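Asks: With the input below, show me the fold.
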Amino acid sequence: MRPDSLHEYGILVLSTNDTYEKAEITKEAYKRYEQKEISFRSLTRTEPPEHPARPSNVKIVEPKDAPKRGGGSLGNRIALLHSLCHMESYAIDLSWDIISQYLPDEFAQDWLKVAHDEAKHFNMLEDRLKELGSFYGDVVAHDGLWNSATRTSSDLLARLAVLHCVHEARGLDVTPNNIRKFSQNDDSISADLLNTIYEDEITHVTSGVRWFKFVCEHVLRQERSKEQNIEENQVAISNQDIMDRFYQIVRGYFNGPLKAPFNDEARRKAGMTEEWYYPLTKRE
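Replies: Below is the predicted model of the structure:
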């Protein structure tokens, strides 16, 4: 029997260890939700697993032990594609994990689209690895992305800030250079693939910025209404208030200052102006 809500689909994806199956379930959920066959919320509340089920054939190592991804050799290009494929596999889990939070339906719709994009990206990268004689699991990988998810698991605002603003935006910074690497080594297929992913990722950062601002304003109103003993609708929240909370969260959860260079143009397209990240390049 198939799930009858997005929430149940999220539990299913997070409990499935095969990443190909995660991607297929995600695409099925997206199609059924678009066709209005399923709802957002389920009648019963089931908590998602603390750590998503993961494929057993992918060996996890410390970040310092991950293979080098620079250079133009076939092995280095495979290592880079594998690293991206691994990140997309975790991005599927991350999207479903955040959908499990009970927020407005528009929130679920945004992150369902993100989950669907990540599933598509995983399939594209996995197919390209096979074309190059490799496969997902052929190269060791690290768990840095999910470690950040674990640190922010009890704080939705921190999850939105660190995973969906800082980490996602970093992808916008490095992808153009990765595209150039493939183009310079006559691998136009991989370059075109990364360009497709790049355009989708801009919209993902847009979602991160949008929902961080939404949730942050709600949290600040709650806090200040209690402090001042007034109704929430009487509390005025400025953009600087939101920025200050963003800086506080990133400095508390992210390891060290943000590092340039930044892709200012792509970040701006995503609604992330320079005030979101340049102040965080300096230690507090």
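Asks: can you give me the helices in the chain?
Replies: For the chain, helices defined by DSSP state H occupy the ranges 6-14, 19-34, 74-99, 105-131, 144-151, 156-161, 168-184, 188-228, 239-253, 264-269.
Asks: Mind checking these for the one nearest to S42?
Replies: Of all those, helix 6-14 sits nearest to S42, with 4.5 Å by C-beta to C-beta. In this view, the C-beta of every residue, glycine as well, is placed from N, C-alpha and C.
Asks: Please export the C-alpha coordinates of that closest one as CSV.
Replies: The C-alpha trace of helix 6-14 is given here as CSV (Å, rounded to 0.1, in the frame of the first residue of the first chain):
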residue,chain,number,x,y,z
LEU,A,6,3.7,13.7,1.8
HIS,A,7,4.6,13.2,5.4
GLU,A,8,4.4,9.4,5.0
TYR,A,9,6.4,9.6,1.8
GLY,A,10,9.1,11.4,3.7
ILE,A,11,9.2,8.6,6.3
LEU,A,12,9.4,6.0,3.5
VAL,A,13,12.3,7.9,1.7
LEU,A,14,14.2,8.4,4.9
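Asks: Let me know the angle separating it from helix 74-99.
Replies: Between helix 6-14 and helix 74-99, the angle formed by their directions is 150 degrees, by axes from the mean of the first three to the mean of the last three C-alpha atoms, to 10 degrees.
Asks: quick one: contacts of helix 6-14?
Replies: For helix 6-14, contacts defined as C-beta atoms under 8 Å, 6 or more residues apart in numbering pick out 3, 22, 25-26, 28-29, 33, 38-42, 46, 48-49, 52-53, 92-93, 96-97, 99-100, 108, 112, 115.
Asks: pLDDT weak spots in the stretch 51-200 of the chain?
Replies: Scanning the stretch 51-200 of the chain for pLDDT under 70 picks out 68-71, 102-103.
Asks: so how many other residues sit close to the residue nearest to W146 when sequence neighbours are not counted?
Replies: Of all residues not flanking W146 in the chain, Y90 sits nearest, at 5.6 Å (C-beta to C-beta, 6 or more residues apart in numbering). Look at Y90: counted by other C-beta atoms under 10 Å, it has 23 neighbours.
Asks: check contacts around Y90.
Replies: Counting by C-beta under 8 Å, 6+ apart, Y90 touches 145-146, 149.
Asks: just I60 next, same as before
Replies: Contacts of I60 (C-beta under 8 Å, 6+ apart): 140-143.
Asks: beta partners for it?
Replies: I60 has these beta-bridge partners by DSSP bridges: A141.
Asks: distance of L160 from P257?
Replies: 20 Å (C-beta to C-beta, to the nearest Å).
Asks: The two: which has the busier surroundings?
Replies: A count of neighbours by other C-beta under 10 Å puts L160 above the other of L160 and P257, at 26 against 15.
Asks: Look up the closest residue to S148, ignoring the ones flanking it.
Replies: Spatial nearest neighbour of S148, excluding adjacent residues (C-beta to C-beta, 6+ apart): V162 at 5.5 Å.
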